[in-house]
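> pasting the sequence and the predicted model now:
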Amino acid sequence: MRANRVITTIWTSCLVSAIAACWVWGMWAVFYVYHFLSEPVRPGTVVSVLFLIVLFSANYWGVIPSLAASITAGLFFVTYFQPPLGKLAATPQGWTSTVSFVLASLLISQLSAKARKSAAEAIRRSRENELIEQFGRGLLACSTSQLVASTAVNQAVSLFGATAAAFEFASEGGSHRSGPGGWEWSIPEALRRKALAHRDWIRDPSSEVTVIPLVLEHTSVAYFGLRGAAVSDAVLTATSNQLLLTMGRVCASERLLHLAGEIQMGLLPKKFPAFPSAPEVDVFAAIVPALDVGGDFYHYFLLDSEHLCFVIGDVSDKGIPAALFMAMALTAFVVFAKDAGRTLPESIRLLNRYLCENNQSQMFVTLYAGILNFRSGILEYCDAGHEPPFLIRGNHVPSLTQKDGGMALGVDADYVYQSRTLQLNSGDTLFLYTDGVNEARNGDGKLFKTDGIESVLATNEMTNCELICDAVMKRLGQFVHGAPQSDDITMLAVSYRGQAKGKYLERAKLA
């Protein structure tokens, strides 16, 4: 901004000076014509007018026109005030004037050319700094490597005027392209190898292709290629440095998020079959976070030899805040539910109060928890504002269970939660899910809805919970057809197979 103000001031001063010079020049011309027609003109008047002509030509037309103007002015001066041109060399006043005009024009021409060159250089640097600043500002908002790639190619076309731009990851991540000819253009392999060996950007003048290798900790991460971009070496160097700094920051953050995601997934049971020694029940769960970490969760565990407890939940937010709140909610639920002698509504009430007291970020959790009695098949469940599950009876006809209400956890510390009971028969299955399933959207913006879940459950005679979850997940993938995932996807299936005769469940508890 400061450079722009300086340049504007310089050009304004030049413009004012030019206007003033033209005004003085015009006034002297009028004055000269008037005196030429009326009375003899003094030498000083003519010298002043001719000197202004030399100044004007030196400022606006360069060295050669100013020399011609100065020589012409000198000859005119000698001709007007002295004897004929043949005596020019014998008249000190004539050659002195001519030499003075020549030297003045040379000096002014050089100063003018230098000023113009400095002004042009300042404008060029200002423009380059503006491009670098805009490119860096766009990268500053990027939080993922995919977003860095998309932003880089789009800015290369809009800011640098590239006809094609490509950001190709070295291993995983695919590529991003932009520009009128960029969708089918790839960075030449020979230039990639040459840039990697050089460890710096390279430019191929013949093909107008520039390749910037992005190497972090001696490992090639990606390649950024431009075609037809008319930018200076300084811009390319600054762009390369900005991309390296941004990719270093983003990749480090992604590694930490990936590690956090692994830790978070470690909180969820993933051993299937869940209870090999308990043929009375079958449990399977699947989760696909929208980001590296998310707010969905599930869990299942044996309370004793006759009762299975399961839960599925969804935190209102996404990302790291939701993951931390999810870990807190899940851990607290397991602790409260495993306390002997405590009913399910009491566990939910304690969990709700705990979340309300430790909820500075004002998030909430929807939750559906149940306790299944192996001997009787009675399911006691508590709904805290969660999606209603599907009940698949032995005839394989799914039905959406009635919504019994219940406020989400973390909203009202004094809310009273109540439980309901449901009789399960041998072969009945309960399918639970989060809103990332029924609210998944395809490329046209259409929702999968509960109708999509019901159609899968109705048309497939699945023999176990794993096949049920796999069928729903497969149909969901076909429906969204590559559209970006906007929410965590979690599903949990619990099937009751009836009481096993002559078998104890104590081994299942240990498993």
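Nice, thanks for sending it over. Since the model is a prediction, treat every value here as computed from it, not as a measurement. Numbering: from 1, shown residues only.
> what's around L196, how many residues?
17 (other C-beta atoms under 10 Å). Heads up, the C-betas are built off the backbone N, CA and C, glycines and all.
> contacts only, for it.
P213, V215, S220 (C-beta atoms under 8 Å, 6 or more residues apart in numbering).
> which helices and strands does the helix or strand hosting A332 pack with?
Per DSSP states H and E, A332 falls inside helix 319-337. Helix 319-337 sits against helix 233-266, strand 296-302, strand 307-315, helix 344-357, strand 365-373, with contacts defined as 3 or more C-beta pairs under 8 Å, 6 or more residues apart in numbering; DSSP states H and E.
> can I get the ones you listed in TSV including distance to I468, mean neighbour count and mean pLDDT?
Output for these, formatted as TSV (distance: least, C-beta to C-beta, whole Å; neighbours: other C-beta atoms under 10 Å; pLDDT from 0 to 100):
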stretch	distance to I468	mean neighbour count	mean pLDDT
helix 233-266	21	16	90
strand 296-302	14	22	94
strand 307-315	14	25	95
helix 344-357	24	20	95
strand 365-373	17	24	95
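> quick one: those as TSV, columns for distance to A166 too.
Shown next, in TSV, are the helices and strands packed on helix 319-337 (distance: least, C-beta to C-beta, whole Å):
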stretch	distance to A166
helix 233-266	13
strand 296-302	35
strand 307-315	38
helix 344-357	47
strand 365-373	43
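> the ones you listed: which one's closest to T429?
strand 365-373 (11.5 Å; C-beta to C-beta).
> and the spatially closest residue to F167 that is not a sequence neighbour, how many residues sit next to it?
The shortest distance from F167 to any non-neighbouring residue, by C-beta to C-beta, 6 or more residues apart in numbering, is to A149 (3.8 Å). Close neighbours of A149, defined as other C-beta under 10 Å, add up to 25.
> what's the neighbour count on Q423?
Count around Q423 with other C-beta under 10 Å applied: 10.
> doesn't Y381 make contact with it?
No - counting by C-beta atoms under 8 Å, Y381 is not a contact partner of Q423; they are 11.9 Å apart.
> ok, what's across the strand from A493?
With DSSP bridges applied, A493 shows beta-bridge pairing to F284, F431.
> any idea how far it is from H481?
24 Å (C-beta to C-beta, to the nearest Å).
> looking at those two, which one has more neighbours?
Taking other C-beta under 10 Å, A493 and H481 do not tie; A493 has more neighbours (27 against 9).
> that one against L430, yeah?
Yes - shown here, A493 and L430 form a contact pair, counting by C-beta under 8 Å, at 7.1 Å.
> against P205, how distant is R193?
18 Å.
> dump the residue contacts of the residue lying closest to L350 once chain neighbours are set aside.
Spatially, and ignoring its direct neighbours in sequence, L350 is nearest to F336 (4.9 Å; C-beta to C-beta, 6+ apart). Neighbour list for F336: R342, E346, S347, L350, L351 [criterion: C-beta under 8 Å, 6+ apart].
> next, the first one: secondary structure please.
In three-state terms, and counting by DSSP: H, G, I helix; E, B strand; the rest coil, R342 is coil.
> just to revisit the earlier point, which element follows the strand or helix carrying the residue nearest to F167 toward the C-terminus?
Taking DSSP H and E as the definition, A149 sits inside helix 145-160. The first helix or strand that comes after helix 145-160 along the chain, using DSSP H and E, is strand 164-169.
> which strands and helices sit next to that next one?
On a contact count with 3+ C-beta pairs under 8 Å, 6+ apart, strand 164-169 meets helix 145-160, strand 175-178, strand 219-227.
> and the pLDDT at A278?
Note for A278: predicted pLDDT of 78.
> correction: I71
pLDDT, I71: 61.
> re earlier: might one say that the residue nearest to F167 is in contact with A222?
Yes - assessed by C-beta under 8 Å, A149 is found in contact with A222 at 7.0 Å.
> closest to A119 out of the helices and strands packed on helix 319-337?
Nearest of those to A119, taken as C-beta to C-beta: helix 233-266 at 18.3 Å.
> of the contacts of F336, closest to T434?
Looking across the contacts of F336 and measuring by C-beta to C-beta, the closest to T434 is L351, at 17.5 Å.
> the closest one contacts A408, correct?
No - using C-beta under 8 Å, L351 is not in contact with A408, being 11.6 Å away.
> what touches both of the two?
Joint contacts of L351 and A408 (C-beta under 8 Å, 6+ apart) are L367.
> list the contacts of A170.
With contact set as C-beta under 8 Å, 6+ apart, A170 has these partners: T219, S220, V221, A222, Y223.
> pretty sure P388 belongs to a helix, no?
No - according to three-state DSSP, P388 belongs to no helix; its state is coil.
> for it, phi and psi?
phi -70, psi 130 (degrees, to the nearest 10).
> what's near enough to touch it?
Neighbour list for P388: L400, T401, Q402, K403 [criterion: C-beta under 8 Å, 6+ apart].
> rank the residues you listed by pLDDT and give me only the lowest.
K403 (81).
> excluding sequence neighbours, find me the nearest residue to it.
Excluding the flanking residues, the one nearest K403 by C-beta to C-beta, 6+ apart is P388, at 4.7 Å.
> do the same with Y223
E168 (5.0 Å).
> show me the contacts for the one you found.
S175, S186, I187, A222, Y223, G225.
> quick revisit: quick check, pLDDT for the residue nearest to F167.
91.
> then G498?
pLDDT, G498: 83.
> over to E466?
pLDDT for E466: 92.
> going forward can the numbers begin at 387, since that is how I track them
Taking 387 as the first residue, the last one we looked at is E852.
> hang on, it packs against F670?
Yes - counting by C-beta under 8 Å, E852 does reach F670; the two are 4.3 Å apart.
> what residues are shared contacts of the two?
Counting by C-beta under 8 Å, 6+ apart, the residues touching both E852 and F670 are F658, A879.
> between those two, which is the more surrounded one?
Per other C-beta under 10 Å, whichever of E852 and F670 has more neighbours is F670, with 20 against 17.
> quick one: contacts for the more buried one?
By C-beta under 8 Å, 6+ apart, the contact list for F670 reads F658, A660, N850, C851, E852, I854, C855, L878, A879.
> kindly recompute the last result at 7 Å.
Contact analysis of F670 by C-beta atoms under 7 Å, 6 or more residues apart in numbering lists F658, C851, E852, C855, A879.
> could I get the residues you listed as CSV with distance to L716 and secondary structure?
Compiled in CSV, these are given as follows (distance: C-beta to C-beta, whole Å; DSSP: H, G, I helix; E, B strand; the rest coil):
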residue, distance to L716, secondary structure
F658, 19, coil
C851, 20, helix
E852, 22, helix
C855, 19, helix
A879, 19, strand
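> could those go into a markdown table alongside distance to V621?
Putting these into a markdown table (distance: C-beta to C-beta, whole Å) gives the following:
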| residue | distance to V621 |
| --- | --- |
| F658 | 55 |
| C851 | 58 |
| E852 | 55 |
| C855 | 52 |
| A879 | 57 |
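> that older thread, check the gap between the residue nearest to F553 and W571 for me.
15 Å.
> which residues are common contacts for A535 and A608?
With C-beta under 7 Å, 6+ apart as the test, A535 and A608 both reach F553.
> point out where this structure drops to low pLDDT.
For the chain, residues meeting the criterion pLDDT under 70 lie at 387-499, 559, 567-568, 781, 846, 886-897.
> that older thread, the helices and strands packed on strand 550-555: which one's closest to D837?
helix 531-546 (32.1 Å).
> how about that closest one: buried residues?
Residues of helix 531-546 classed as buried: 531-543, 545-546 (neighbour count, 16 or more other C-beta atoms under 10 Å).
> can you check stretch 762-781 too?
By neighbour count on 16+ other C-beta under 10 Å, the buried set for stretch 762-781 is 763, 765-773, 775-778.
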